[in-house]
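Q: structure of the sequence below:
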Amino acid sequence: MPTLLPRPSILAIEPYVGGESKIPGVNRIVKLSSNEGAFGVPPGAQKAYAAMAAELHRYPDGGATALRRAIGARFGLDPDRIVCGNGSDEIIGALILSYGGEGTELVMSAHGFVMYDIAGRYAGCRVIKVPERNLVADVDAMLAVVGPRTKLVFLANPNNPTGAMLPAAEVTRLRAGLREDVLLVLDSAYAEYVTRPDYDPGTALVEAGTNTVMTRTFSKVFGLGGVRLGWCYAPAHVIDVLNRVRGPFNVNAPAMAAGIAALEEQGWVEASVAHNDQWRATLSDGLREAGITVHPSEGNFILADFGSAETAKAADAALKARGLIVRAMGAYSLPQCLRITIGTAEECGMVQDALSAFMRGLDD
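A: Purely as a prediction, here's the structure:
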């Protein structure tokens, strides 16, 4: 054993494993494991990214000024209260390192996004995972575990991987039940896909107080997962902290150019959301007809429940045999489930056909 060792909490971390993208021996791969946008990259973003090729020797704008202004204009937000990052993961990590640390607690729902747990352990926090109610975050249960050492509460809304969503009134109740010195982080990576009227991604709570942050991403509906681009909207004092700790050039120039162009792509979000609404419902209904439990989802994915880890594993293998890659959920303590991204119409049809055949095989 080496004599140089990290903090004990580091060795307790299970490294993040992204969605699979390859199947040995299979020619055509359909990747539905990472909740990437069904339509790929917006054309304008592709052009903007390519146009930066001759400028790669130049350092980017360290303040992401143009990008922050574009985000502010698109969503009606104050650009001075926006910080951009190398994916929203970077911002999540910076918030935890800034406000957490040894001797503090971070509260999250039991099946919340795994990066909260990883970043929390990295910072030295005690991470408390609160049981959910029917795979939906339980506000009362979360408030019940908040103690004097609690400094951060994370809520993904809609949640990844369950797809569950709390209405704005419940999120407001969560905020009201927390002390003023507890930071509530609302991860709204899938906000654009929500069409329900009882939803707010976090804007109202950020603007109403001094202790709430909303994180967002370009990786989903805007189709830019490969360039790693995220942002947050926060009170001025939190923005000041983030600007002190982030890297001086934490967002690269081509990513910023692509992000601005994606925001300007006319009709892109509307078409993506309409497609998602249609095919999320169609695929969910088809799988239910095949005998698979599908949990309600407000994201661009569904959570299919096969009742046992063994059946889920067999279903995953059946999908892979047809070149279809989805996400096994063992890392989220849901081994009986598979998370399936809503892809193109053809891809959704392929999943439905494959799983319907699989379920018929179980009955034979």
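
Q: apart from its chain neighbours, what residue comes closest to the residue nearest the centre of the chain?
A: Averaging the C-alpha coordinates of the chain gives a centre point, and the residue nearest to it by C-alpha atoms, centre = their mean is residue 189 (4.7 Å). Nearest residue to residue 189, sequence neighbours excluded (C-beta to C-beta, 6 or more residues apart in numbering): residue 217, at 4.6 Å. Any C-beta I mention is one placed from the backbone N, CA and C, and that applies to glycine too.

Q: show me the strands in the protein, by range?
A: Secondary structure of the chain (DSSP state E): strands located at 30-31, 82-85, 105-109, 126-130, 150-156, 183-187, 212-217, 230-233, 293-295, 301-305, 324-325, 327-328, 337-341.

Q: tell me which of these sits nearest to residue 144.
A: strand 126-130 (8.1 Å; C-beta to C-beta).

Q: what inclination does the closest one have with respect to strand 105-109?
A: Between the axes of strand 126-130 and strand 105-109, defined by axes from the mean of the first three to the mean of the last three C-alpha atoms, to 10 degrees, the angle is 20 degrees.

Q: what packs against strand 126-130?
A: Here strand 126-130 touches strand 105-109, helix 114-123, helix 139-145, going by 3 or more C-beta pairs under 8 Å, 6 or more residues apart in numbering; DSSP states H and E.

Q: pLDDT averaged over stretch 317-331 - what is it?
A: Throughout stretch 317-331, pLDDT has a mean value of 96.

Q: looking at the helices and strands packed on strand 126-130, which is closest to residue 82?
A: Across the helices and strands packed on strand 126-130, closest to residue 82 is helix 114-123 (C-beta to C-beta), at 20.5 Å.

Q: show residues contacting the closest one.
A: 9-10, 12-16, 89, 92-93, 96-97, 100-101, 106, 108, 127, 129, 152, 154, 331-332 (C-beta atoms under 8 Å, 6 or more residues apart in numbering).

Q: picking up where we left off before, so which of the strands of the chain gets nearest residue 347?
A: Across these, closest to residue 347 is strand 30-31 (C-beta to C-beta), at 5.1 Å.

Q: against which helices or strands is that closest one packed?
A: strand 324-325.

Q: which residues are contacting the strand it packs on?
A: With C-beta under 8 Å, 6+ apart, strand 324-325 has contacts from 19-21, 23, 29-33, 319, 347, 350-351, 354.

Q: ok, back up a step: out of the helices and strands packed on strand 126-130, flag the one nearest residue 5.
A: That would be helix 114-123 among those, by C-beta to C-beta, at 15.0 Å.

Q: chain center to the closest one, what's the gap?
A: 14 Å (C-alpha atoms, centre = their mean, to the nearest Å).

Q: which residue ranges of this structure form helices?
A: For the chain, the helices defined by DSSP state H occupy 8-11, 43-51, 65-75, 88-99, 114-123, 139-145, 168-176, 203-208, 236-245, 253-264, 268-289, 309-321, 345-363.

Q: give the buried residues for the longest one.
A: What it means is helix 268-289. The neighbour-count check on helix 268-289 (16 or more other C-beta atoms under 10 Å) flags 268-269, 272-273, 275-276, 279-280, 283-284, 286-287 as buried.

Q: which of those residues sit farthest apart?
A: 268 and 287 (27.8 Å).

Q: out of the helices and strands packed on strand 126-130, nearest to residue 263?
A: helix 114-123 (24.3 Å).

Q: okay then, goodbye and thanks.
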